[in-house]
Structure formats: C-alpha cells, structure tokens
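# Structure, please.
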Amino acid sequence: MFYIIVLAIITPTTFLQLYGKLIGIRGMSITGGFFYVIGLFYIIIGFIGIFTGKALWKGKNWAKTITIILVGINFVFTLLSLFGGNIGIITLVNLIISGLISGYLLFSKEVKSFFV
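Take a look at the predicted model:
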C-alpha cells in the first residue's frame, strides 16, 4: 500500500517537473509540482462538494448516499487519528460533527421523508 501511495505522489510531480522544463516554466520543481497536484485535488473535491450540496438541496437520494459514505469515512479516519495519539480539540470537534451528521442523515425521520 505504501508503494502505491508513493507512486501516486511521485508520478504526477515528476511529470509536472518534466512538463515545466519542456514548456519553459522556471521553478517547477518536484516540490512545486507536488503542491500543484495537491491544490488541484482540493479544487476538484471542492467542486464535487458544491455539486453534491446542490443535489442534497434538491432532495436527490444519491447525494445523501454519497454524503453518508464520505462523512462515515471521515469519522473512521478521525477515530483512527484519535487512537493514534492525535488528541486535540480539532480532532474531537471533527469527530463529534461527523458523528452528528452521520446520525442525522441515517436515523432522522425528516431526512427519510425528504429523500423519498
């Protein structure tokens, strides 16, 4: 698993470094390419969040399912982080908010009637 993560990080940054040299961008180093890829990833995640949020507002059931899955993943990783020794106020707040959102979306009668 570690090798896949390293490969997923190094391959795009190496490509960006070579591409930057080919088109003449100065300062396109591996570090710069890495932050470029990370920034692009967060922009894509932001657009997915906007798209899913609009679908939630319209009552689309698939958006509810995606939100429950993503918030559940966030809850699990925050819980693992907590067990790993990262005991901080932000971690605890993240855990509480993720739990509340998951519980509300899964067990609320109002939510079930809205997403019919």
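
# Contact partners for Phe115?
Gly59, Lys60, Asn61, Lys64 (C-beta atoms under 8 Å, 6 or more residues apart in numbering). C-beta here means a position set from N, CA and C on the backbone, and glycine is covered the same way.

# let's see it at 10 Å
By C-beta atoms under 10 Å, 6 or more residues apart in numbering, the contact set of Phe115 is Leu56, Gly59, Lys60, Asn61, Trp62, Ala63, Lys64, Thr65, Leu105.

# Now the buried members of these.
Leu56, Ala63, Lys64, Leu105 (16 or more other C-beta atoms under 10 Å).

# out of those residues, what pair is the most spread apart?
Using C-beta to C-beta, the buried ones among the contacts of Phe115 span at most 10.4 Å, a distance reached by Ala63 and Leu105.

# Residues that sit against both of those two, list them.
Leu56, Phe115.

# From Leu95, how far out is Gly39?
27 Å (C-beta to C-beta, to the nearest Å).

# out of these two, which sits in the busier spot?
Leu95 (17 against 10; other C-beta atoms under 10 Å).

# Give the closest residue to the more buried one in space, chain neighbours not counted.
Leaving aside its sequence neighbours, Leu95 sits nearest to Thr78 (C-beta to C-beta, 6 or more residues apart in numbering; 4.7 Å).
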